[in-house]
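A.B. asks: Below is the structure, and that's it, no one-letter string:
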Ligand SMILES: NC(=O)c1ccc[n+]([C@@H]2O[C@H](COP(=O)([O-])OP(=O)(O)OC[C@H]3O[C@@H](n4cnc5c(N)ncnc54)[C@H](O)[C@@H]3O)[C@@H](O)[C@H]2O)c1
Ligand SMILES: CC(C)[C@H](C(=O)O)[C@@H](O)C(=O)O
Ligand SMILES: [Mg+2]
């Protein structure tokens, strides 16, 4: 089985090294091949998603991705910016279904910024549509404003759009995921204002007819953001569009103690996938050896489960993570009094040791 390893920028290489270490000691015969991506791809090959990197990702059984982005590239033309690498991979590999599970490990109840009783036992799954919406809609750009009070001035614009097929297939993913959980789906939209999301609501409602065992409710995104911090445990599966999902999943991350705890799987129609932590390249802490590698290690576990058919190995990793947390080991982002602060590498080594 071939795994493409794309560490990327900032803390990407540091956290990826820990996940690779874990994969290496499982006793499996994985063929792992690394390639430059993001700012590292641009620096070495003049493009954030060099053709060889894309070819590797396409030929592999799964992709493990670190993070991309570096503020020093923010002035490059958009097509050359590091973020285009992850957007390009999502589009080229047709990874339309992004699963972001926000689970609170009991040991981290005190690490969350919310009261322990609000978050204890939290286990929600955010399903974010990943290849449509305003992220990919055209036209977009900066132009002369054609009408209205600002006619003649420059204006920036993007296009929000969803085709029926795109909504149907992500709705199926959500309902089917809910069938394996507590059979509840909340579809998050902005149907009160946006045509795109009234259409989204209508199509999700239609797909729901095929899933009479699932309870569906609809919620506006502003309310959903509020409810996520007010009473997050009321949610089970949340399904939403690309941009709302981006924002809500960062919000949900903090319920788990840190964004350094939130893994993700981005899947195509055949469960081939790219796996990455939900966070970015964290330039503010890059190179310091203090980043939390657990989101990346847990992403590797998701990869074993969803794309490589190695459920037992996935569980081994997840149990090892629980064990190190129970041992009181914490990176700086989840540290609290009475626990032991460790660096990125020590945390990776502890997971390896705890694999059993
Ligand atoms: N999928 C991706 O590759 C991805 C995702 C999000 C952001 N980005 C990019 O990353 C760069 C930085 O973006 P940002 O600062 O807005 O978001 P970020 O997620 O990189 O960082 C936000 C905050 O969370 C902290 N943080 C993130 N991951 C952490 C970890 N594993 N352990 C401990 N702390 C962690 C950071 O130190 C920072 O304070 C930008 O260039 C952005 O475009 C990339
Ligand atoms: C880096 C960026 C393109 C990306 C997104 O907006 O999807 C990131 O924020 C994420 O959540 O994976
Ligand atoms: Mg994001």
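C.D. replies: On my side now, so go ahead. Quantities reported herein were computed from a predicted structural model and do not represent experimental measurements. Ligands and ions are numbered 1, 2, ... in the order given.

A.B. asks: Next, find the distance separating the residue in the stretch 151-300 of the chain that ligand 2 sits nearest to from ligand 1.
C.D. replies: Using C-beta to the nearest ligand atom, the closest approach of the stretch 151-300 of the chain to ligand 2 is made by residue 246 at 4.4 Å. Where C-beta positions appear, they are placed from N, C-alpha and C, glycine not excepted. According to C-beta to the nearest ligand atom, to the nearest Å, residue 246 and ligand 1 sit 8 Å apart.

A.B. asks: Run a quick neighbour tally on that residue.
C.D. replies: Look at residue 246: counted by other C-beta atoms under 10 Å, it has 19 neighbours.

A.B. asks: Quickly find the element holding it.
C.D. replies: Per DSSP states H and E, residue 246 falls inside helix 242-255.

A.B. asks: Buried residues, that helix. List them.
C.D. replies: Under the neighbour-count criterion of 16 or more other C-beta atoms under 10 Å, helix 242-255 has 242, 243, 244, 245, 246, 248, 249, 251, 252, 253, 254, 255 buried.

A.B. asks: Could I get the contacting residues of the closest residue to the first one other than its chain neighbours?
C.D. replies: Just to be clear, that refers to residue 242. Leaving aside its sequence neighbours, residue 242 sits nearest to residue 133 (C-beta to C-beta, 6 or more residues apart in numbering; 3.6 Å). Taking C-beta atoms under 8 Å, 6 or more residues apart in numbering, we find residue 133 in contact with 160, 161, 162, 196, 241, 242, 243.

A.B. asks: now do residue 61
C.D. replies: 1, 2, 3, 272, 307, 308.

A.B. asks: May I see the PyMOL selection of the buried members of those residues?
C.D. replies: The following PyMOL line selects those of these that are buried, judged by 16+ other C-beta under 10 Å:
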select buried, resi 3+272+307+308
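
A.B. asks: what about the nearest residue to residue 101 once chain neighbours are set aside, helix or strand, and which?
C.D. replies: Spatial nearest neighbour of residue 101, chain neighbours left out: residue 125 (5.0 Å); criterion: C-beta to C-beta, 6+ apart. For residue 125, the host element (DSSP H and E) is strand 123-129.

A.B. asks: got the angle between that strand and helix 242-255?
C.D. replies: Angle, strand 123-129 to helix 242-255, by axes from the mean of the first three to the mean of the last three C-alpha atoms, to 10 degrees: 160 degrees.

A.B. asks: Return the list of helices and strands in contact with strand 123-129.
C.D. replies: strand 97-103, helix 164-179, strand 237-240, helix 242-255 (3 or more C-beta pairs under 8 Å, 6 or more residues apart in numbering; DSSP states H and E).

A.B. asks: Could you export the ones you listed to TSV, including columns for mean pLDDT?
C.D. replies: What follows is the helices and strands packed on strand 123-129, written out as TSV (pLDDT from 0 to 100):
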stretch	mean pLDDT
strand 97-103	96
helix 164-179	98
strand 237-240	98
helix 242-255	94
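
A.B. asks: so which of those comes closest to residue 14?
C.D. replies: helix 242-255 (18.8 Å; C-beta to C-beta).

A.B. asks: Which neighbouring elements make contact with the closest one?
C.D. replies: By 3+ C-beta pairs under 8 Å, 6+ apart, helix 242-255 packs against strand 97-103, strand 123-129, strand 184-189, helix 221-230.

A.B. asks: 10 Å instead?
C.D. replies: Counting contacts by 3 or more C-beta pairs under 10 Å, 6 or more residues apart in numbering; DSSP states H and E, helix 242-255 is packed against strand 97-103, helix 116-119, strand 123-129, helix 164-179, strand 184-189, helix 221-230, strand 237-240.

A.B. asks: Based on its surroundings, how many neighbours for residue 215?
C.D. replies: Residue 215 has 14 neighbours, counted by other C-beta under 10 Å.

A.B. asks: Check the one 4 residues further on too.
C.D. replies: Other residues lying near residue 219 total 18 when counted by other C-beta under 10 Å.

A.B. asks: Quick one: residues contacting it.
C.D. replies: 186, 187, 188, 189, 191, 225, 226, 227, 235, 238, 240 (C-beta atoms under 10 Å, 6 or more residues apart in numbering).

A.B. asks: which of those are buried?
C.D. replies: Buried by 16+ other C-beta under 10 Å: 186, 187, 188, 189, 191, 225, 227, 235, 238, 240, out of the contacts of residue 219.

A.B. asks: got those as TSV, with distance to residue 300 columns?
C.D. replies: Below are the buried ones among the contacts of residue 219 laid out as TSV (distance: C-beta to C-beta, whole Å):
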residue	distance to residue 300
186	28
187	30
188	28
189	32
191	37
225	30
227	31
235	26
238	24
240	25
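
A.B. asks: nearest to residue 87, of the residues you listed?
C.D. replies: residue 240 (17.9 Å).

A.B. asks: so the closest one bridges to which residues?
C.D. replies: Bridge pairing for residue 240 (DSSP bridges) gives the partners residue 128, residue 188.

A.B. asks: show me what contacts it?
C.D. replies: Residue 240 touches 126-129, 133, 170, 174, 186-190, 197, 200, 204, 219, 221, 224, 246-249, counting by C-beta under 10 Å, 6+ apart.
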